[in-house]
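Undergrad: I'd like to go over a predicted model; first the sequence, then the structure.
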Amino acid sequence: MTQVTFYIMPEEQSEHDVSAVSRYACELASDSYRNNQRVFILTDNQKQAEQIDETLWQFDPKRFVPHNLQGEGPKFGAPVEIGYQTFRGRRDILINLSQSMPDFARQFKQVYDFVPSDESGKKIARERYKQFRAAGFALSTAPALFANTDSE
């Protein structure tokens, strides 16, 4: 059964909420890559996918993550692939940055989703949570704990 974890973003991130969610998603992708797990990051559109791609390129070189946009890169994709269209392939983890529950979420072992700290973002996340629950997914919540990437 697919496990869905909703990460609750800290309140102090509210003024930079979208970038905080994106940054945390990239940290999760980096950690997953280091655990030999293949990741698909789902966005709402091409612009958002390109922003995530750029964020990963700007990551600390010690935490570099081989990645590509959907449809680019090697035949079976890099360990982390970013896109806004239905994913057809094999990956361990789905990081959902889209505003809706993906129809193809069951093909992953783990789904990471986010509860932003702003009220409109929380409302949309609650709807996704309800959709995942109604579809029979195993659900949990956890606080988003950022790594200290400035050290070392």
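TA: In hand now; what should we look at?
Undergrad: can we go C-alpha only for contacts and neighbour counts from here?
TA: Will do.
Undergrad: so in terms of bridging, what pairs with the closest residue to residue 138 other than its chain neighbours?
TA: Closest residue to residue 138 apart from its sequence neighbours, by CA to CA, 6 or more residues apart in numbering: residue 3 at 4.9 Å. Residue 3 has the following beta-bridge partners by DSSP bridges: residue 110, residue 138.
Undergrad: please list all residues in contact with residue 3.
TA: 109, 110, 111, 137, 138, 139, 140 (CA atoms under 8 Å, 6 or more residues apart in numbering).
Undergrad: may I see the ChimeraX selection of the buried members of these?
TA: Buried subset of these, written as a ChimeraX selection, criterion 16 or more other CA atoms under 10 Å:
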select :110,111,137
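Undergrad: what would the contacts of residue 3 look like in CSV with distance to residue 76?
TA: Shown next, in CSV, are the contacts of residue 3 (distance: CA to CA, whole Å):
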residue, distance to residue 76
109, 18
110, 20
111, 20
137, 27
138, 28
139, 29
140, 30
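Undergrad: ramachandran angles for the closest residue to residue 126 other than its chain neighbours?
TA: Nearest non-adjacent residue to residue 126, counting by CA to CA, 6+ apart: residue 115, 7.9 Å away. The phi/psi pair for residue 115 (degrees, to the nearest 10) reads phi -110, psi 100.
Undergrad: pretty sure residue 115 contacts residue 129?
TA: No. Counting by CA atoms under 8 Å, residue 115 stays clear of residue 129, with 9.5 Å between them.
Undergrad: pull the contacting residues for residue 122.
TA: Residue 122 neighbours (CA under 8 Å, 6+ apart): 115, 116.
Undergrad: now swap in residue 71 and tell me
TA: Contacts of residue 71 by CA under 8 Å, 6+ apart are residue 77.
Undergrad: swap in residue 144?
TA: 7, 8, 9, 10, 24.
Undergrad: what segments of the chain are strands?
TA: 3-8, 39-42, 67-69, 80-83, 93-96, 110-115, 138-143 (DSSP state E).
Undergrad: can you redo those strands as JSON lines with mean pLDDT?
TA: JSON lines is the format used below for the strands of the chain (pLDDT from 0 to 100):
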{"stretch": "strand 3-8", "mean pLDDT": "98"}
{"stretch": "strand 39-42", "mean pLDDT": "98"}
{"stretch": "strand 67-69", "mean pLDDT": "96"}
{"stretch": "strand 80-83", "mean pLDDT": "97"}
{"stretch": "strand 93-96", "mean pLDDT": "98"}
{"stretch": "strand 110-115", "mean pLDDT": "97"}
{"stretch": "strand 138-143", "mean pLDDT": "97"}
